[in-house]
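Participant: Let me see the structure of the following:
(one chain, ligands or ions: 1)
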Amino acid sequence: MTDRILDAVDVSKTYRSRTAGTTHALTDVTFGVGRGEMVGLVGESGSGKTTLMRILLGIEQPTSGTVTFRGTPRPTFTTEHRRDFFNSVSAVFQNPYSSLNPRRRLWDIITERRSIERRAGRAERRARAAELLDLVSLPPEFADRFPHQLSGGQRQRVAIARSLSEEPDVIVLDEPMSALDVSVSAQIANLLLDLQEKFQMSYVFVAHDMHMVRHLCHRVAVLLKGQIVEQGTVAEVLGNPRHEYTRSLIAASELRSLEPEEERIRP
Ligand SMILES: Nc1ncnc2c1ncn2[C@@H]1O[C@H](COP(=O)(O)OP(=O)(O)OP(=O)(O)O)[C@@H](O)[C@H]1O
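Facilitator: Residues are numbered from 1 along each chain as shown. From the prediction side, this is the model:
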């Protein structure tokens with residue numbers, strides 16, 4: 001039994017296109033998350049965060065290197081491993097306005113995977129939807145609403161409820177608060193912390209700036225032009241940044257935020 005959940009080991013990714021030529025999106029990246037841990041992945045636009053996230057989720061394959069799930073390299077997965085991976089690793093994307101199907105009711109959206117994976121019927125899915133809505137502190141009558149009837153924060157709760165449907169061990173969060181205002185972001189952050197406590201959830205938290213990372217994460221990795229320039233505990237990296245680029249990200253997020261000390265979320 002390993003405490004590692006999801007790891008990229010020496011992963012590189014190269015894109016080749018006729019127009020843009022060769023792009024080294026990732027070079028020798030080793031990054032991952034252990035049980036009950038929240039690990040931030042920061043870097044500016046184009047640094048490779050989305051590429052690494054997609055590789056961790058299995059949406060894309062690395063050009064070289066390996067992704068391991070609970071210590072087992074993905075290329076050696078059996079059918080059983082694959083099913084376990086599919087149910088145990090889920091994602092919440094950046095924009096709660098575009099990530100939910102506008103034509104479907106919430107109970108249907110948040111239990112879609114249950115219908116695919118377990119061929120669950122309507123009654124079972126509706127019962128699961130009520131549990132999931134409760135987990136993210138939305139009232140049960142929301143089950144019959146459509147996404148456009150919700151605020152941005154409520155939609156992001158729905159996206160989180162959907163990601164919890166098959167009881168995952170790890171959720172990859174792609175800038176989940178970037179479309180929300182500060183007070184709604186803080187509520188979503190607290191929800192993530194509650195779920196972590198309740199289920200020993202692991203999170204990969206992809207972020208543009210250091211602000212939420214400082215409040216939420218145990219560890220952080222800093223990505224610059226496809227390479228990790230530093231990685232460690234939040235106290236180490238943000239308290240004593242060794243790389244000029246990390247210092248500039250911290251300075252930029254301090255400019256953006258004037259949040260007072262007492263609003264810190266993780267003690
Ligand atoms: N499918 C693709 N084909 C070609 N190049 C790509 C592809 N996907 C990403 N890239 C390139 O790889 C590099 C890393 O992109 P990536 O989207 O991973 O960065 P990012 O840090 O997530 O940026 P953002 O915050 O803007 O989403 C960029 O130079 C990008 O142009």
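Participant: near the ligand, anything from stretch 62-72?
Facilitator: No - applying C-beta under 6 Å from any ligand atom, one finds that stretch 62-72 is not in contact with the ligand, the shortest distance being 11.8 Å. Placement of C-beta: from N, CA and C, glycine included.
Participant: Tell me the spacing between Ile59 and Thr79.
Facilitator: 19 Å (C-beta to C-beta, to the nearest Å).
Participant: the more surrounded of these two?
Facilitator: Residue environment comparison for Ile59 versus Thr79 gives the larger neighbour count to Ile59, 11 against 7, counting by other C-beta atoms under 10 Å.
Participant: Contacts only, for the more buried one.
Facilitator: By C-beta atoms under 8 Å, 6 or more residues apart in numbering, no residues touch Ile59.
Participant: With Ser90 instead?
Facilitator: 163-166, 168, 170-172 are the contacts of Ser90 under C-beta under 8 Å, 6+ apart.
Participant: doesn't it fall inside a strand?
Facilitator: Yes - counting by DSSP: H, G, I helix; E, B strand; the rest coil, Ser90 is found in a strand.
Participant: Quick check: it vs the ligand, distance?
Facilitator: 19 Å (C-beta to the nearest ligand atom, to the nearest Å).
Participant: Relative to Leu150, how far out is that residue?
Facilitator: If you measure Ser90 against Leu150 using C-beta to C-beta, the figure is 20 Å.
Participant: try Ile5
Facilitator: Taken as C-beta to C-beta, the span from Ile5 to Leu150 is 31 Å.
Participant: These two: who's more crowded?
Facilitator: Using other C-beta under 10 Å as the criterion, Ile5 and Leu150 rank with Ile5 on top: 23 against 19.
Participant: who's in contact with the more buried one?
Facilitator: Under the contact definition (C-beta under 8 Å, 6+ apart), the residues listed for Ile5 are 32-35, 37, 69-70, 169-170, 202.
Participant: What's the ChimeraX syntax to select whichever of those are buried?
Facilitator: Filtering the contacts of Ile5 down to the buried ones (16 or more other C-beta atoms under 10 Å) takes a single ChimeraX command:
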select :32,33,34,37,69,70,169,170,202
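Participant: could you dump the contacts of Ile5 to TSV with distance to Tyr15, secondary structure and pLDDT?
Facilitator: Below are these laid out as TSV (distance: C-beta to C-beta, whole Å; DSSP: H, G, I helix; E, B strand; the rest coil; pLDDT from 0 to 100):
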residue	distance to Tyr15	secondary structure	pLDDT
Gly32	23	strand	96
Val33	25	strand	97
Gly34	30	strand	96
Arg35	33	coil	94
Glu37	30	coil	95
Phe69	24	strand	95
Arg70	29	coil	93
Asp169	30	coil	95
Val170	26	strand	96
Ser202	28	strand	96
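Participant: Which pair of the contacts of Ile5 spans the longest distance?
Facilitator: Maximum pairwise distance in the contacts of Ile5, criterion C-beta to C-beta, is 15.0 Å, between Glu37 and Phe69.
Participant: which parts of the protein sit against the ligand?
Facilitator: Of all the residues in the chain, those in contact range of the ligand (C-beta under 6 Å from any ligand atom) are 15, 17, 23, 25, 43, 45-51.
Participant: Sketch out the low-pLDDT regions of the chain for me.
Facilitator: Applying pLDDT under 70 to the predicted model, the residue ranges of the chain that meet it are 1-2, 115-118, 120, 209, 256-267.
Participant: all helices in it, in order from the N-terminus.
Facilitator: Secondary structure of the chain (DSSP state H): helices located at 49-57, 79-88, 106-110, 112-118, 122-135, 152-163, 182-199, 211-216, 234-239, 244-256.
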